[in-house]
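*Asks:* Got a predicted model here, sequence first, then my questions.
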Amino acid sequence: MILDPGGHKIYAKVLGATMSQLGRAKLETIFLSHQDPDIVAAINGWLMTTDAKAYVSQLWARFVPHFGLDRLVESRLLPIPDGGMRHQLGGAELVFLPAHFLHSAGNIQVYDPISKILYSGDLGASIGPEYVEVADFDAHVESMLGFHRRYMASSRAMRAWARMVRTLDVEIIAPQHGALFRGKPMVERFIAWCEELSCGIDHMEDVYRVPA
């Protein structure tokens, strides 16, 4: 995710934010929600060709350099503490929220209190649908279910996340993959679904057996 202070825009997909759009001097902040290759594998290129700083969970700050981070830019890879932090961007404040184990052990989300958008990373991701916005939540569940049951760590983590997010004024939840959830009723439907979902170790404990 690329954060541009010039127009207070957040580009959710790196490929959609080319240097011709942003320019070297305008690119100030790059946010890495977790350590997966689809998030961080290109970080060396972005840091080498811009003056930006990149933020990632403190858990992964010492692992990201293994993706080939040049020593000349290592000082611009900065850790986010486990409890999250607030980040000033172009005169506005973003909130880096802890969302650990959803799905990464060091997972962070971004909340923009001005637009009231929660950028939820892989939480809420859907596979298959080509629509941009969820209109029928019940029909949409099928495109989320398999991924969330396998990738999200546990229902306890989901419930902790739900309690936290309900304290925020959220109008849109925008996952990294798939359709977004717009409007407070749809946002609450998604939060409640997460809160009640059996997933991860809760759903897979029976596979912990020595293979025959």
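*Replies:* Perfect, I can see it now. Residues are numbered from 1 along each chain as shown.
*Asks:* Thought G106 was touching H34, still the case?
*Replies:* Yes: using CB atoms under 8 Å, H34 is in contact with G106, at 6.3 Å. Every C-beta, even on glycine, is put in place using the N, C-alpha and C of the backbone.
*Asks:* M48 - how many residues pack around it?
*Replies:* Using other CB atoms under 10 Å, M48 is surrounded by 11 other residues.
*Asks:* what sits against it?
*Replies:* 70, 72-73 (CB atoms under 8 Å, 6 or more residues apart in numbering).
*Asks:* Buried subset of the residues you listed, written for ChimeraX?
*Replies:* In ChimeraX syntax, the buried subset of the contacts of M48 is picked out as below (16 or more other CB atoms under 10 Å):
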select :73
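*Asks:* Nearest to P211 among the contacts of M48?
*Replies:* Among those, D70 lies closest to P211 (CB to CB), at 41.8 Å.
*Asks:* Can you tell me the closest non-neighbouring residue to the residue nearest in space to the middle of the chain?
*Replies:* Centroid-nearest residue in the chain: G121, 2.4 Å away (criterion: CA atoms, centre = their mean). Nearest non-adjacent residue to G121, counting by CB to CB, 6 or more residues apart in numbering: S33, 4.0 Å away.
*Asks:* Ok, I173 next?
*Replies:* Closest residue in space to I173, ignoring its immediate chain neighbours: F181 at 4.4 Å, by CB to CB, 6+ apart.
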